[in-house]
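**Student:** how would this look folded up:
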Amino acid sequence: MEPSADLVRMWDAAEPAGRRKIGQIPICWDRDTEAAVTRAHDQFRWFAGGWKVNAELPGTAGFAGATQYVRPEDVAAAMPCGNDVDAVVQAVRPFWEAGFTDVALVQIGGDSQDEFLEVAASQLLPALRAAALAP
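**Tutor:** Down below sits the predicted model:
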């Protein structure tokens, strides 16, 4: 899902008032930024093509072909990789600005899941809530 205000307006026009509008972004949390970028490139490089490309691909061969030239730095530019809470907050901000009510964070695998959940509970969620309420 891309952070599009047009999508939010279309949803609001089609659904009863007050319905949740849920966006989704991938992140790759790891203490080691390079390890996060490598893992994101290996497991989620298709994300770098964007929604319009991904929606048209018929299967795994299409994804493989569409992402064969995606570099690790392309993936790192398309999603937060590493342990920077502020980078995640900034990546979520366009969804709030577009009018989404909720944003799901998709944590891309790895051995750092327990650490990610601890940081999410103690630092990330409070930072996201504070930023969402800020003018």
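
**Student:** Please, where are all the strands along the protein?
**Tutor:** Using DSSP state E, the strands assigned to the chain run over residues 22-29, 81-82, 102-107.

**Student:** Next one: Val85 relative to Ala5, how far apart?
**Tutor:** 26 Å (Cβ to Cβ, to the nearest Å). Yep, even glycine has a C-beta here, placed from its N, CA and C like the rest.

**Student:** Likewise for Ser112?
**Tutor:** For Ser112 relative to Ala5 (Cβ to Cβ), the value is 34 Å.

**Student:** ok, these two, which is more surrounded?
**Tutor:** Neighbours per residue, other Cβ atoms under 10 Å: of Ser112 and Ala5, the larger number sits with Ser112, 21 against 12.

**Student:** ok, that one - contacts?
**Tutor:** Residues counted as contacts of Ser112 (Cβ atoms under 8 Å, 6 or more residues apart in numbering) are 29-31.

**Student:** Please apply the same query to Ile25.
**Tutor:** Taking Cβ under 8 Å, 6+ apart as the test, what Ile25 contacts is 79, 91-92, 95, 103-106.

**Student:** from these, which single one is nearest Phe116?
**Tutor:** Leu105 (9.3 Å; Cβ to Cβ).

**Student:** Can you report how many residues lie near the closest one?
**Tutor:** Count around Leu105 with other Cβ under 10 Å applied: 18.

**Student:** mind checking the longest helix of this structure?
**Tutor:** If you go by DSSP state H, the chain has its longest helix at helix 85-98.

**Student:** could you give me the average pLDDT of that one?
**Tutor:** Over the span of helix 85-98, the pLDDT mean works out to 96.

**Student:** Give me the buried entries from the contacts of Ser112.
**Tutor:** Among the contacts of Ser112, those buried by neighbour count (16 or more other Cβ atoms under 10 Å) are 29-30.
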